[in-house]
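A.B. asks: make a model of this:
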Amino acid sequence: MKRGKIFFAACLLLNAGTYSQSKPAGPIIASPNAASFGQYVETPVSYFTGLPSIEIPVYTIKTNEINFPISLNYHAQGFKPDVHPSWVGANWSLNFGGVITRKINKLPDEWRSDDYFTYGFYYTYNRLNSYNWSSNDTLLSLGNNSNTGLIQMDRTDREPDEFDFNFLGYSGKFYLDHLGKWRVQCNKNIRVVFDNADLIDPFFHNSVPSSQSLLSFKPKVFGKFTLIDNAGIKYVFGKTDGTDAIEYSSSISPPGFNYRVWLLATSWYLAEIKFPGAGSIRIFYERGPFQSNFQYFESQNRFYVSRCDQPSAVDAKGLSGTVSSPVYPYLIASSNGISIDLKYSKSNELSYPTSTYFEPFRDEQGRLPSQQSPPQGLDGYYFSFMNARNSVPYYVANGIYSDGNINNNKFAWFKLDSIIISTPDLNSNMAKTAFKRVQFNYRENIYERLKLLSINIKGNIESNESQDYLFKYNDYGAAAPGYVSDLTDHWGFAINRPLKRDPLYGGFLWFGGSMLSNREPDELSTKIDVLTEITYPTGGKSTFEYEGNDYGKYLQTTTRYYAPAGYGKAGGLRIKKITSSDGLGNSEAKEFFYVNGYDPLLPLTSLTSSGVLDGRPAFTHYNYSVIMNGMYLSLFSSNGVVPMSSNSGALCGYSEVVEKSRDGSYKIYKFTNHDNGYNDYDAISTITPYQLGVPYRSRSFERGLLLSEDIYTAGRTLLQKTEYTYVRIGAGADSNFVRSLRKDFGGYCTTLSIINPYSGSEALGFQVPMMNGYYINPASFVPVYTTATAYGYYTYKFLPEKITRKLYPSSGPSNQLMVTETTNQYDQFGNIIQTTQNDSKGNVVTTKFKYPYQFAGTAVYDSMVSRGITGPVIESENYLATTLTGKERVNYGFFNGMALIKPASTLLQISGNEPYVTTQFNRYDEYGNILEMQGIDGLKSAFIWSYSKSRVIAKVTGSGYSAIEPVINPQLLTYPPLGDQQLLAEVDKLRTQLPSSFVTTYLYNPKAGLELKQVKDHNGLNTYYEYDAMGRLARTRDNNNKIISQVEYMLKDIVSFPYRNEERSALFNKNNCPYGYAGSALYVVPLNKYGSFINQADANQKADNEINANGQNYANSTATCYPYWSYTSCCGFNSFTSNFTLTGSNTVNVLLVIQKSQPGGGAGIQIGTLSGPLFLPSAARNINYNSAGYSGMIQITPTGQVKLYGSYGTMPIQISGTYSL
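C.D. replies: Model prediction:
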C-alpha cells in the first residue's frame, strides 16, 4: 500500500449553476474496474461550524438523469439528553431522498374554517398586497381592538409559513408571497408547484374525535409539493397514489386535547422522482406508531399598572411535550430495476416512564389529579389520537388498542435492521436477486439510548465475507442521564444538574432566578456518548477529539447587529483534532484552531475566539413602553425569549479557522459572518412594548461562505492565497422579498382559570386569550397592548462572483509569482452567462453561455422553459481576448411525438469557419435512452436496451434502428424465460440478419449489481468478467477461457513502506502468431504492489522490472491472434471509418467511409493502401457504391492498392460490400 495522505475539504462554495456545456453522447459501456479501498477515509470538516462531516456510503442508484445516494451520517454536535435517538442510533441519520419541514407562523398556511372565520395565509395572502402594508399607521391600526378593551382577536394570518427543503444536493426554503406565488430561496434553480386539488384530509380525519369547542373544525392539510429542478426533473413530496409520506405533530396536551385540530402536518418526505421520460424512482412509506418527546421549562410573566403596584402574574413550570406520527421508508424502487428494501423492528431501548405522561395534569401546587382533594379525573380526550390506531400497521399487528389507558406502550420507536439491494431477475417480472446486504448492529436495552455499534456490508446470498465499519464512543452506557431527569444548558446539551422534585407530591421545584447560572455549558457532560473512533473495512481508523464552542462576539438581544464581547462559552461541540491511520503504522493528523490572527509563534491563549454567537441567552427582561397604555412588563422563561440561532442551525459561526497539519504547515480560512458585513436586517417597522423576540429579516444563507484560503509552510511562509467575492442576484426585486406581518397581544387578568398549564401561547389565535398555557376568563381579562411587526424573507441568490488565486515562490508575497482571476456573470435566474479568466501574463479567456429562454419563439425551446428544463446550455462561445476561438451548440428536438425533449444534434465551429454537425441523435425510447445516432461520417449506430432498459445489450454499427426492429423480439428483451443466454441468442441474430453491420453484444451479472459479465465483439470473440461474492471484479477471461487478469483483495499489507508504486503498464506484441496474424496484450502492475524505503522512483522501478521480465511471455501466452490488416488513406482522401473482417477463409467484409475536400471524379484514382497478407486478393476485386449522390466502384488489387472509379466530393461516401480472396 502506498503511504496515505489525508485531505480535508470544507463546503467552500455553493453551486453556481450551470456554466459548462454538457455534451450529449451515446451510451458508455464501461469495462469493470477492480474495487479499490482507501487506506483510511478522508473526513471533511465544515470549518464555519466546526463540525466534521462523517459519512458512511451505503449505495447509490445511478440513472441517466441523477445519482440517488444512500448514506449514514453522524452529527457530532454533542449529547442532548432530551433528544430521542433516530432509528439508526443516537446522532446518526440515514440520508436518503429528502424532506420538506415546516415552521408554522401563527396558523398553518392551509387552515380554513368558515364556521370559525379562521383562515391561514394560503387564503389571506392578498391582505399584504398593498403599498403601505408595512407602514406604522397600518401596524397601529391592528392594535385598535386591544386598545379599546375588546379581546376578540383578528383571526387573519398574515405570516407565511417557512418551508425548509433538503434533498439530493438541493437545500433552501420556500414561502407563499403576497401575490399567491411560491418563492424559493436557493442558489440553484428550483420551482415549487402546489395544486388546490392536493389539499387533503389528514389520515386521522374520521377517527380522532374533536372536543366540543371545535366540533365541526376539520382542517385539511397540504397533501404534496412538487419541486422541479432546471433539468425538468420533478421531485414529489408527501402523499402520492402509492404512499403517504407526511408526518404530523402536536403538543402532547393541546388546547382542549383536540388532537384532530392540533395534529399538524410538519414534514413531507420525498416520495417520487419523475424524470422527463418514463423513468422514475419511488419511495414507499409505512406509518409508524406514535412517538413522544418532553423537556422541562419555567416561565413567569408580570404586568405592572405602575411601578409600585403588585403585579398580575402568570407562572408555569413542568414538562412540555409533543406527540408525533412518523413514517418509515420500507422500499425504494427505481425504474431501472434497482430495488432497495429497508427492514426494521421495534427497538428495545430506554423510554419514558408511564408517569411522564401524567405530568401535564399537575396543578399549581405540583399535585397530580389523584393527589388533589378531592381526587380529579383526567380529561377524557387525552390520548384520543390513539383512535387512529387502524391507520398504523404496528398497532393492528400487535393488538394495541385505543382503550383509554394512558401508558408508554402506546409509543414505540423503530430501529433499522438491514438494507437489501436487489436487481430484477430476467426470468421473472417479480423475482429479485439481492447483490448487497447491509446489517446494522446496536446496543439496545431498556437502560440506554439506542447506540449504533457497527455496520456489516455483505455481497450476494453466497457471500460469507463482510466489510465492517466499527464505531466507538465516549461511552457512558447506563450512567448517562435519563430523559427529563436533568437540567440542560441554554441550547439543550447536558450539564449534569438534576431537576429538583418536591418530596411531597413529586412535582418540580423552581430554579427561578438561578436558572441563568445553572444552565451554563458543561463541556465534559456535552461529550457524553459522542463518537470518538471509526474503524474501516481496510483496518484503518479515524479518531475524533472535540472541545466546547466559544465566542468572542455575540448578537445583541434588541438588534441583529453584532456587539464586541469578551470570551464566552457556548453549548455544543466542535472538532479539535482528527487523526487517521491506515493500520500499518502510517498516520496523519489535523488540528483546528478557531481564533483570529493565528501565528504559530504566538500562544493560542493570547488570541481571541473568532466565533460569533447567534444570540446570547436572555431569560429575564424588563422594559417600559409609553406606546401601549403605560404598562410595565417583566418576562422570564427557562427556554429563552430570543431565538438561539439563525446560522442555518449553527450555534456559533467562526469567521476564521486554522487547520494545522502534523508537519507544522497550516491553512487559514475566513468566512462570511455577522461581523464582516453579512449580518441580518432588523424588521422594516414595529410597534411593541418590548424588544425581545421581534422578527427580523434574515440573511443566514449569506453566512458561512469562504472569503479566503491562505496556505503556509511550517516556517510561516505564504505559498498560496485564494480570495472569493460574491454577488446578490435580484436582491432589489420585490419578487425576491416575501412579506410577513406578525401581530400578538397581551394583557393581565383579575382572575385566572387554570385549565391546562402546558398547552401553548394561544388557542387558534382567537377565542379566549391564552397566556403560557392558561385559559383566561374573558370577563377578567384586561387587554394592555398589541405588538405588530412588518418583516419578511429574502429569496435572492448569493453566488460566487470573483475568485482570485495568487501563487508565491518560497520567498513569500514580496515576489508574487502568478495571479489568476476568474469572474462570473449571471442572468436573473442565477445561470452563469459569462466567465472570464485573466492571468498575470495579460491573457484573457472568456466563455459565454446561452440557455433555452434566450431562444424564445422556437417551439422546442419555449416548451423546454414551460416544462422547467431551463438549465441546459444551448450555445457556448469561447474567446481569446476579443477573438472567437470556438463555438459549440446543442440543438434540441421533440421525440416520441412531443413526449420527450432531447438533444437532436451537436454542432462545432472552429474560429471563423463554418459550423458543422458532429453528431446527430435520431431516436430515443420512452426512458430517454438513445436508440440511434450518427457521427460526422454519417455512419449510424443503433442500441438495444434490456435489464429494465437500464443497460445496452447490443451496439450495431452500420445500421439504423429501423433495420433492427423486425429482427428482435421485444418480449424476450424484457423477460427471456431461459435467462441471459437466451437474451444473447436473440441479439446475436443481428450478426446474421445484418451481415454488413458490426454487432457488439453485452451481458450483465445481477449478482454483482448488473456489472458487465460478457462482451462479444464484432468478430464474435468473447471477453468474460467474473466477480466474487462481494460483487468485486475477480478475474477477466478471453474467448478461450484463459485468464487475462486476476485480482485478490487483501485489506492489509505485511510491511509498511513509505513509498508505493504507481500503476505501471506496457503493451507487448505477440511474436508467436502464424503468418498473417497478430496480437497484443497490456501487462499491468497494479497500484501499491511494490514498496520502497528510498523514494517513489525506486518503487516504480520495481514495478517496471516485473513488466520487463514478464511482459513478452504474458503476451505470447494470453493474447489472441487475430488476422492482421491495416488501411492507410492517401492522395488527399480522408477515411472516417475503415473496417475489414474475414468470413470463413475466402471472404472479406469491407466498410469504408471516405471524403475529399474538393469534388471530382476519375478512373483508377488511388485512395489508399491495404496491408495484411490474409486480406489481399489473388486478383483485383471490385465493390460498387452509391452514396451521398456519388456513385462508382472501388478496386482492391493483389498488391494492396485501393483505387476509385467514379465520382467523389466533400460529403462522406459510405462504401460497403464483400470480395473473395
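
A.B. asks: could you look up the SS state of residue 989?
C.D. replies: Put simply, residue 989 is helix when judged by DSSP: H, G, I helix; E, B strand; the rest coil.

A.B. asks: I figured it hits residue 968, correct?
C.D. replies: Yes: between residue 989 and residue 968 there is a contact at 7.3 Å, judged by Cβ atoms under 8 Å. Yep, even glycine has a C-beta here, placed from its N, CA and C like the rest.

A.B. asks: the nearest residue in space to residue 367 that is not next to it in sequence and residue 485, how far apart?
C.D. replies: Nearest residue to residue 367, sequence neighbours excluded (Cβ to Cβ, 6 or more residues apart in numbering): residue 505, at 4.8 Å. Per Cβ to Cβ, to the nearest Å, residue 505 is found 18 Å from residue 485.

A.B. asks: what do you get for residue 273?
C.D. replies: To residue 485, residue 273 is 43 Å away according to Cβ to Cβ.

A.B. asks: who has more neighbours, those two?
C.D. replies: Between residue 273 and residue 485, counting by other Cβ atoms under 10 Å, residue 273 is the more crowded of the two (26 against 12).

A.B. asks: hmm, the more buried one is touching residue 237, no?
C.D. replies: No: with contact defined as Cβ under 8 Å, residue 273 does not count as touching residue 237 (10.5 Å).

A.B. asks: quick one: mean pLDDT over stretch 1114-1130.
C.D. replies: The average of the pLDDT scores along stretch 1114-1130 is 85.

A.B. asks: what's the first-to-last distance across that stretch?
C.D. replies: End-to-end span of stretch 1114-1130 (Cα to Cα, to the nearest Å): 36 Å.

A.B. asks: which parts of it are buried?
C.D. replies: Applying a neighbour-count criterion of 16 or more other Cβ atoms under 10 Å, one finds 1114-1116, 1118-1120, 1122-1125, 1127, 1129 buried in stretch 1114-1130.

A.B. asks: can you check stretch 669-682 too?
C.D. replies: By 16+ other Cβ under 10 Å, the buried positions in stretch 669-682 come out as 669-675, 678-680, 682.

A.B. asks: what does that stretch rub up against?
C.D. replies: With Cβ atoms under 8 Å, 6 or more residues apart in numbering as the test, stretch 669-682 has contacts from 10, 47-48, 553, 555, 559-562, 612, 614, 646, 653-659, 694, 696-700, 702-709, 726.

A.B. asks: mind giving me the ChimeraX select for the residues you listed, buried ones only?
C.D. replies: Selecting the buried subset of the contacts of stretch 669-682 in ChimeraX, with 16+ other Cβ under 10 Å as the burial test, is done by:
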select :10,47,48,553,555,559,560,562,612,614,646,653,654,655,656,657,658,659,694,696,697,698,699,700,702,703,704,705,706,707,709,726
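
A.B. asks: can you pull out the helices in this protein?
C.D. replies: 121-124, 136-141, 144-147, 259-262, 393-398, 515-518, 523-526, 859-866, 961-964, 970-974, 980-993, 1096-1118 (DSSP state H).

A.B. asks: how about these, which one is nearest residue 953?
C.D. replies: Closest to residue 953 of the helices of the chain is helix 980-993 (Cβ to Cβ; 5.7 Å).

A.B. asks: for that closest one, what is the average pLDDT?
C.D. replies: pLDDT averaged over helix 980-993 gives 92.

A.B. asks: elements contacting it?
C.D. replies: Applying 3 or more Cβ pairs under 8 Å, 6 or more residues apart in numbering; DSSP states H and E, one finds that helix 980-993 contacts strand 951-957, helix 970-974, strand 998-1005, strand 1011-1016.

A.B. asks: what lies in contact with that helix?
C.D. replies: Contacts for helix 980-993 (Cβ under 8 Å, 6+ apart): 426, 944, 946, 953-954, 956, 964, 967-969, 972-973, 976, 997, 999, 1001, 1003-1004, 1013-1014, 1016, 1020.

A.B. asks: report the buried members of the residues you listed.
C.D. replies: 426, 944, 946, 953-954, 956, 964, 967-968, 972-973, 976, 997, 999, 1001, 1003-1004, 1013-1014, 1016.

A.B. asks: stretch 470-488: which residues count as buried?
C.D. replies: Applying 16+ other Cβ under 10 Å to stretch 470-488 flags 471, 473-474, 476, 480-484, 486-488 as buried.

A.B. asks: do a quick rundown of the strands in the stretch 401-550 of the chain.
C.D. replies: 414-424, 432-443, 451-458, 467-473, 486-488, 494-498, 531-535, 541-555 (DSSP state E, counting those that start in this stretch).

A.B. asks: which of the buried residues of stretch 470-488 sit farthest apart?
C.D. replies: 471 and 487 (28.9 Å).

A.B. asks: mean pLDDT and distance to residue 924 added to the strands of the stretch 401-550 of the chain, as TSV?
C.D. replies: Converted to TSV, those look like this (pLDDT from 0 to 100; distance: least, Cβ to Cβ, whole Å):
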stretch	mean pLDDT	distance to residue 924
strand 414-424	95	22
strand 432-443	93	28
strand 451-458	94	36
strand 467-473	93	38
strand 486-488	86	58
strand 494-498	89	58
strand 531-535	95	44
strand 541-555	93	45
